[in-house]
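In: Compute the structure for the input listed below.
(one chain, ligands or ions: 1)
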Amino acid sequence: LRRIIVKVRDGGYPIYIGSGILEKFPAVCEKHGIRSHVVIITDRIVAGIYLDGLVGIMRDAGFRPDVIIIPPGESQKSISRVARIYTELIKMKLRRDETIIALGGGVIGDLAGFVAATYLRGVNLVYVPTTLLAQVDSSIGGKVAINHKFGKNLIGAFYRPVFIFSDIETLKTLPRRELICGLGEVVKYGIIMKKDILDIIEDRDVPSGDNLKIYRKLVEHSANVKSYVVSRDERERKYRMILNFGHTIGHGIEASLNYKKLKHGEAILIGILAESFISVKRGVLPKVDFERIKKIILKISKEIPHKEFDKNSILKHIYLDKKIMNQRLNMFLPVRIGMMRFFDDISFRELSMAIDYIKEVFF
Ligand SMILES: NC(=O)c1ccc[n+]([C@@H]2O[C@H](COP(=O)([O-])OP(=O)(O)OC[C@H]3O[C@@H](n4cnc5c(N)ncnc54)[C@H](O)[C@@H]3O)[C@@H](O)[C@H]2O)c1
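Out: Numbers count the residues shown, from 1 in each chain. Below you'll find the predicted structure:
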C-alpha cells in the first residue's frame, strides 16, 4: 500500500494506492477516525461489480454502511439528483461527524463530493475511485461539482476528502474506452512533468486493464504530479492552470461535437497534440520532443472512434468558453518534455493552424 500525501495549506490528505487492497479499506477508515455509520454512494454499474464486496468487508469490520445507488452517466451530476440524495441522507440519519464514501468514477466523485460538501454544511468524504481517470485526476485536488443546463461543472466547491483509496484492481473491469480516456490525462502528466510516464507507455499499445503492474506505476506517477501541482496552487490561481494543457483545444473539440461523439479524455488526447503543435511551430518545443509526443498520441488514439473536425465550430467554442472574442489566449505550453512555460499571447491564427494540423493528421 503506497501512500502519497497531498499537502495543502493547514494540512493535507493521503492517497493510498495498491492492487487488491479492498480488504484493507476498513482498517484505513479506522485509522482516519471514520465512525461506523457511513453512506456509500455509487452507480448501478459499479454497484453490480464492487458493492457487495465492499459492504461485506465493512460489515465484518463493524461498520454500518447504508447505500445509495444511482444510474450511471454524466446527466446525474444535476441539482435534481442532489436534492434526491439529500432526502435519502436525512432519512438515513447521516450525522455531521459521519462519512460519505464515493465509490465509482469521476461522475460519482464529483456528485457525492458536492453532496458531502453541502449536506449539514459538510460531512466527511472518502473517495474510492474505480476509473483510471478518477484515480489519476478527478479524486485528487479537492474540486467537486455538478452541471447546470448552461454548462458543465458550473455549480461546485473546493472540498477536501479525508483520504483517497485507489485499488488498481478495479481497472480490470473498466471498458477499454474508459481506459483510453484516463490515459489522456496520464500522458498529459508525462509531458508536463514526468518523463518516466512516457517511457512506460511509449513502445506499447494501450495496455489492457489487467496489466496491474503498468497501471500501478502510471497511477502512482500521475497522482504524484497532480498532488504536487495542487499542493502548490490548490485554488487555481495560476500554476494549477498547467493541468489545463490540451484542454483549451480539447474542450473546443468536445463542445463542437455537442459532447456526444467523443469522450472528454479522447478529446484531450487530440488537444494535447494540437497544443504541442503550437509550441513546436513557435520554435519553443524541440522537434524531437514533438515527434515523440505525436507518436505516443497517435498510438493511443488509434482506437478513438470519431476523427472528423469542424474547424470553425471548434474555434467558436474555444472563444466562447474563454469569453474573449478575437483576443489572445493564455496557456501553458511544453518547451520540452517534462517542462512547461506560460504564454499569454496565443493568437487566433495559431489555434486555427493547430486545428488544420490535427485534421490533416487524423484524416
Ligand atoms: N473534480 C475534478 O477535478 C475532475 C477532474 C476531471 C474530471 N472530472 C469529472 O469526472 C467525470 C468523468 O469521470 P469518469 O471518466 O471516471 O467517468 P464516469 O464516472 O462516468 O465512469 C465511466 C463509466 O465507467 C463505469 N465504471 C466505473 N468504474 C468501473 C469499473 N471499475 N469497472 C467497470 N465500469 C466502471 C461507470 O459506471 C461509467 O459508466 C466528469 O463528470 C468530469 O467532469 C472531475
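In: so Ile300 sits right up against Glu266, yeah?
Out: No - applying C-beta atoms under 8 Å, one finds Ile300 not in contact with Glu266, separated by 9.3 Å. The way it works is simple: take the backbone N, C-alpha and C, and place the C-beta from them, glycine included.
In: which neighbours do those two share?
Out: Common contact partners of Ile300 and Glu266 (C-beta atoms under 8 Å, 6 or more residues apart in numbering): 180, 184.
In: Of these two, give the one with the bigger neighbour count.
Out: In this view Ile300 and Glu266 are compared by other C-beta atoms under 10 Å, and Glu266 has more residues nearby, 25 against 20.
In: Leaving out the residues flanking it, which one is nearest to the more buried one?
Out: Using C-beta to C-beta, 6 or more residues apart in numbering and skipping residues adjacent in sequence, the residue nearest Glu266 is Ile304, 4.8 Å away.
In: can you count the residues close to the one you found?
Out: Count around Ile304 with other C-beta under 10 Å applied: 21.
In: Could you do the one 3 residues further on as well?
Out: Counted by other C-beta under 10 Å, the residues lying close to Lys307 total 15.
In: Dihedrals phi and psi, Val6?
Out: Phi and psi for Val6, reported as degrees, to the nearest 10, are phi -90, psi 110.
In: I'd like to know how many residues surround it.
Out: There are 24 residues near Val6, going by other C-beta under 10 Å.
In: For it, list each beta-bridge partner.
Out: Tyr13 (DSSP bridges).
In: quick one, what contacts it?
Out: So Val6 contacts 12-15, 140-141, 227, 230-231 (C-beta under 8 Å, 6+ apart).
In: where's it relative to Leu320, distance?
Out: Applying C-beta to C-beta, to the nearest Å, the value for Val6 to Leu320 is 33 Å.
In: Next: Gly250.
Out: 15 Å.
In: same check, this time on Val107
Out: Computed as C-beta to C-beta, the Val107 to Leu320 distance reads 24 Å.
In: picking up where we left off before, Gly250 and Leu320: who's more crowded?
Out: Neighbour count, other C-beta under 10 Å: between Gly250 and Leu320, Gly250 has more, with 28 against 12.
In: Next SSE downstream of the host helix or strand of the more buried one?
Out: Assigned by DSSP states H and E, Gly250 belongs to helix 247-256. Using DSSP H and E, the helix or strand that follows helix 247-256 towards the C-terminus is helix 264-281.
In: Distance from the chain centre to that following helix, please.
Out: Distance of helix 264-281 from its chain centroid, counting by C-alpha atoms, centre = their mean, to the nearest Å, is 17 Å.
In: other SSEs contacting it?
Out: In this structure, helix 264-281 makes packing contacts with helix 176-192, helix 247-256, helix 287-300, strand 329-336, helix 348-362, judged by 3 or more C-beta pairs under 8 Å, 6 or more residues apart in numbering; DSSP states H and E.
In: in this protein, which spans are strands?
Out: All strands of the chain, identified by DSSP state E, fall at 2-8, 11-18, 37-43, 64-70, 99-104, 124-129, 143-148, 151-158, 163-167, 329-336, 339-346.
In: what is the orientation angle of the first one with strand 151-158?
Out: For strand 2-8 against strand 151-158, the angle between stretch directions is 90 degrees (axes from the mean of the first three to the mean of the last three C-alpha atoms, to 10 degrees).
In: how far does strand 2-8 sit from the chain's center?
Out: Relative to its parent chain, strand 2-8 has a centroid offset of 17 Å by C-alpha atoms, centre = their mean.
In: How about the helix or strand of the chain with the lowest mean pLDDT, which residues are buried there?
Out: The helix or strand of the chain with the lowest confidence, counting by mean pLDDT, DSSP states H and E, is helix 311-322 at a mean of 88. In terms of neighbour count (16 or more other C-beta atoms under 10 Å), helix 311-322 has its buried residues at 311, 314-315, 317-319, 322.
In: can you check stretch 103-121 too?
Out: Of all the residues in stretch 103-121, those buried under the rule 16+ other C-beta under 10 Å are 103-119.
In: out of these, who's near the ligand?
Out: Of the residues in these, proximity to the ligand by C-beta under 6 Å from any ligand atom holds for 104-108, 110.
In: what about Asn330, how many neighbours?
Out: Look at Asn330: counted by other C-beta under 10 Å, it has 15 neighbours.
In: and the protein, which residues reach the ligand?
Out: Contact residues (C-beta under 6 Å from any ligand atom) of the chain with the ligand: 43, 45-46, 49, 72, 74, 77, 104-108, 110, 130-131, 133-134, 137-138, 141, 143, 153, 170, 173-174, 178, 181.
In: Can I get the buried part of these as one PyMOL selection?
Out: For the buried members of the residues of the chain next to the ligand, the matching PyMOL selection, counting by 16+ other C-beta under 10 Å, is:
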select buried, resi 43+45+46+72+77+104+105+106+107+108+110+130+131+133+134+137+138+141+143+170+174+178+181
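In: Just to be sure, which of the residues of the chain next to the ligand are found in helices?
Out: 45-46, 106-108, 110, 133, 178, 181 (DSSP state H).
In: how about a markdown table for these, with pLDDT added?
Out: Shown next, in a markdown table, are those (pLDDT from 0 to 100):
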| residue | pLDDT |
| --- | --- |
| Ile45 | 98 |
| Val46 | 98 |
| Gly106 | 98 |
| Val107 | 98 |
| Ile108 | 98 |
| Asp110 | 98 |
| Leu133 | 98 |
| Glu178 | 96 |
| Cys181 | 95 |
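In: Noted, bye for now.
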